[in-house]
Structures are given as structure tokens and as C-alpha cells.
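Trainee: Sharing a model prediction with you, sequence too.
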Amino acid sequence: MTAPLSEQPAVLILNGPNLNLLGRREPAIYGTDTLGDIEDLCAERAETLGLAIEFRQTNHEGELVTWVQDARDGADGMILNAGAYTHTSVALLDALSVLDLPVIEVHLSNPYRREAFRHRSFVSPVARGVICGLGAQGYVLALDALARLIDLGE
Ligand code: DQA
């Protein structure tokens, strides 16, 4: 977190498999920003909004599930780009279902313009909102949305 949890609302930003390769991974689809660039963008916006963020990435489904479970202790909101697990993980859906905080699902690309297997999301049914197709800007928009939702207690 960029500041102690007690001082600022805390947002957990979780990234799933292969997002560590951003910048080198299919740039025509995902753009040229690295995950580090996206983290920097988020940190800058979070500071303006008065939010503390923790930004993580994993290639492991179980680790992602554990992080979602852990969010019950101390996080006020979540941004989740679960990568391919979005389309496959019932375990992720089950973990998200237990959470009592706003979750914004984010995708860099627009899955609905892509292969049919990307049209199903196990995250969307439990997400407060979904932002896709806007590249790295989607994370910033998600932070804006969460700041308002947390402020309103929604
Ligand atoms: C993604 C879209 C997913 O379909 C894909 O598996 C990813 C990235 C996105 O950000 O556009 O890994 O979540």
C-alpha cells in the first residue's frame, strides 16, 4: 500500500496470468504499456484521489483466489483483471462472491470483439462494474469509480 490502511481507503488491484508480459505481449491487442507503466498510472491517480493502492500480479489461479479472500481484511475496493481466468475460474467467482466490497472488472482489450470463449466472464456476475477495451486508461477509470463508490459507502 502507498499509505497506511487506517489513513486512506485501500484499493487492491489484482492482475492475473500473462499480464506480466504486457508491453511484449501481442501489442496490437494489449498496447505497449508494461504492467509497471500501468502501476505507475494507478499510483499517480490514487494519490490524487486520496486512495492507498496495492498492485499485484500472479500467474497462479490459487494465489489469485487467496488474494481475493484476503481482501476481506483491510481492502475497501478492488480492481480485478483476471486475464484468462476471467473466462474459466469458478473458484474465482466463489471467492469473489464472499466479498462485501465493490469490485470493478477491467480488461485492456474488449473481449466481446474477440473469440467467443472470451465472451463469458465468471467475474462479471459479482462485479459492481466492468470496464473493457480502453487499455491502461481502464484502470484509471476504475479507480475514479471506486473512489466515488467508497466515498458514498456503496
Ligand atoms: C484480458 C482479456 C483476456 O481475455 C485475456 O485472457 C487476458 C487479458 C485483457 O486485459 O484484455 O489475459 O483480461
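Mentor: Structure's in. What do you need?

Trainee: wait, is Leu14 part of a helix?
Mentor: No. Using DSSP: H, G, I helix; E, B strand; the rest coil, the assignment for Leu14 is strand, not a helix.

Trainee: correct me, but Leu19 touches Thr34?
Mentor: No. Contact criterion CB atoms under 8 Å: Leu19 and Thr34 do not qualify, at 9.8 Å. Every C-beta, even on glycine, is put in place using the N, C-alpha and C of the backbone.

Trainee: Let's see the distance spanning stretch 23-43 from one end to the other.
Mentor: 19 Å (CA to CA, to the nearest Å).

Trainee: Now do that stretch, average pLDDT.
Mentor: What stretch 23-43 shows for mean pLDDT is 93.

Trainee: and for that stretch, what are the contacting residues?
Mentor: If you take CB atoms under 8 Å, 6 or more residues apart in numbering as the criterion, stretch 23-43 is touched by 2, 13, 15, 18-20, 22, 53, 55, 57, 79, 108-109, 114, 135-136, 139-140, 143.
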